[in-house]
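[1] fold the following for me, if possible:
(2 chains)
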Amino acid sequence: MSNVRTRFAPSPTGFFHIGSARTALFNWLYARHTGGTFILRVEDTDTARNSEEYLRVIYDSLRWLGMDWDEGPEKGGSHGPYRQSERTGLYREYLQKLHDAGRTYEKDGAVWFRLEGPRRTIRETYKDGDATLDRQVEVVDAAPVVIHDLIRGDVTRAEDRDFVLVRANGEPGFHFVNVVDDIAMAITHVIRGEDHLSNTSKHIELYKAFGVTPPTFAHIPLILKTEGKGKMSKRDRGALIEEYQQRHFLPDAVRNYLCLLGWTPGDGREILPISDIIAQFDLSDVHQGNARFDERKMAHINQQYVRALPPAQIDTKVTGILESAGLVTGATPPAHLRAVLDVVREKVGALENVPTLFAYLLRDDYAEDARTLENLRKKGDPAAKVAALLPALERLAGEGRLVDGAALEAVIGEIAAASDEKPANHFAALRYAVSGLNGGPHLHDIFRLLGAGKVLARLRKFAATAAR
RNA sequence: GUCCCCUUCGUCUAGCCCGGCCUAGGACAUCUGGUUUUCAUCCAGGCAACUGGGGUUCGAAUCCCCAAGGGGGCGCCA
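    Sure thing, here's the model as predicted:
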């Protein structure tokens, strides 16, 4: 055990952003690495965007990614309550301290924090989105403060304007509650996104006003859009953790990838168990530059994790996915399901593709890939090929040898040779006729799983589409 | 506009702190070949970077300065 106390302090917004997940992760990792305490605190001061449902999203996402908290909502702890909406008494108390120290004043119904230093009024242009505003503002020549940052070293910055502590509607503002709670919860390390770095001088001013030594800071790099300008926003593809849950990514894989965004394991491995990551993780090794999100790399890592899964676990996951896609029901014969799983297991990469890749084994109405058909037609009408093969295959079926790979190969080779073509095209035509796809398990495996009746029915149906 | 942070292959990065072992390494992506009569996997190989300019030094990706570029803050959002 150590005295390290980190916290993740999200506000309930209804979604869980990948940047938030990574911030939570680094806090969690550092706490686990040091044997410290990881605290979850919900910053729900903005009552307008607050609901129980939104809180669930946070809890579920954290748990899905395997980040357990030692103190926080649904867990308790000695520094609670852990929802800011339940801590108003504390904020009143701390506001009084600032008031008594003469560091507050009221303006437009809000309570402001008074910076110390000479004041003057300036006129400035300020960019707000696309608009450029021209405004008058009172600035303060406050003494610069130093932010001790484990990732960026000492950062010196002078805050130059007063800020709101309590809004006119009575709700305390972010900077104020954030600092008060970090003090009250005895947070030792504040690990957050670099977008907070400039605001940290406000926080240092508050710590000074309270007469409290600030915690150690660690401002981690941001996650940028895959393409284009700026950081990942919730509208970007891949920005929300929910998406990965829905797409059946493995949480361990997502978490592993997130670790790689802004940090590199010292031993050179990229894919490694969380216990090894915890052992190696340190804030001083976190990068300074922002990282671009790359879903392809995450997909690759995910695939590695899927392939490393024990067969029984793959089966369980695949079955669940097939069930939720309506492909496997109570009516599905268990023996058939087992046989399907045996071939799926060998072929599976991304779990999200399982339904589209294997529907034809479980149902007669399945999607056919138009591009595959198009490509096949470039090498001659595939339906004509199937029609040419049909009599021989029917004969094979009659002998019960349709699933015999060698026999199948011999028959197809013979017919192909007769028309002076490569057998591969005939294989592809048959495959398309029974699966609507251009790849998958061995043809004789597909035939075996479908059974001669279905195979011949599908072949006849497809052969009938041959141009005359 | 202003303040703060950052800058190695297309992307994530190793190396940088403690200059020479860097002909700059790995991974993803991509391309080529092999395995698989398919697809996926797997294997082998290729393409590809020290932002620019000054300095310091016998020697700089590594140290210093400037510029440019990127990111973020400047809200009675968090």
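
[2] give me the most central residue, chain A.
    Centroid-nearest residue in chain A, with CA atoms, centre = their mean: A:Ile241, separated by 3.6 Å.

[3] phi, psi of that one?
    Here is the backbone geometry of A:Ile241 (degrees, to the nearest 10): phi -60, psi -30.

[4] with A:Ala218 instead?
    phi -150, psi 100.

[5] and the one helix or strand A:Glu53 maps to, what does it pack onto?
    For A:Glu53, the element it lies in under DSSP states H and E is helix A:52-64. Counting contacts by 3 or more CB pairs under 8 Å, 6 or more residues apart in numbering; DSSP states H and E, helix A:52-64 packs against helix A:241-246. (C-beta placed from N, C-alpha, C; glycine too.)

[6] now do the contacts for the residue in the stretch 351-468 of chain A that RNA strand B sits nearest to.
    RNA strand B sits closest to A:Gly439 of the stretch 351-468 of chain A, with a gap of 2.4 Å, by CB to the nearest atom of the strand. The neighbourhood of A:Gly439, defined by CB atoms under 8 Å, 6 or more residues apart in numbering, consists of A:Arg431.

[7] secondary structure of it: a helix, I assume?
    No - going by DSSP: H, G, I helix; E, B strand; the rest coil, the assignment for A:Gly439 is coil, not a helix.

[8] I figured A:Trp64 hits A:Gln245, correct?
    Yes - if you go by CB atoms under 8 Å, A:Trp64 and A:Gln245 touch, sitting 6.0 Å apart.

[9] what residues are shared contacts of those two?
    What both A:Trp64 and A:Gln245 touch, as defined by CB under 8 Å, 6+ apart, is the set A:Pro251.

[10] spatially nearest residue to the residue of the stretch 51-200 of chain A found nearest RNA strand B, not counting backbone neighbours?
    Distances between the stretch 51-200 of chain A and RNA strand B by CB to the nearest atom of the strand are smallest at A:Asp108, namely 2.5 Å. Nearest residue to A:Asp108, sequence neighbours excluded (CB to CB, 6 or more residues apart in numbering): A:Ala168, at 6.3 Å.

[11] from A:Gly109, how far out is that neighbour?
    Relative to A:Gly109, A:Ala168 is positioned 4 Å away (CB to CB, to the nearest Å).

[12] for A:Thr13, same thing?
    Relative to A:Gly109, and taking CB to CB, A:Thr13 is found at 26 Å.

[13] contact residues of the stretch 1-150 of chain A facing RNA strand B?
    With the criterion set to CB under 7 Å from any atom of the strand, the stretch 1-150 of chain A comes near RNA strand B through A:9-11, A:43, A:45-46, A:49, A:107-110, A:124-127.

[14] and which of those residues is nearest A:Tyr94?
    A:Thr45 (13.7 Å; CB to CB).

[15] host element of the closest one?
    Using DSSP H and E, A:Thr45 falls outside every helix and strand.
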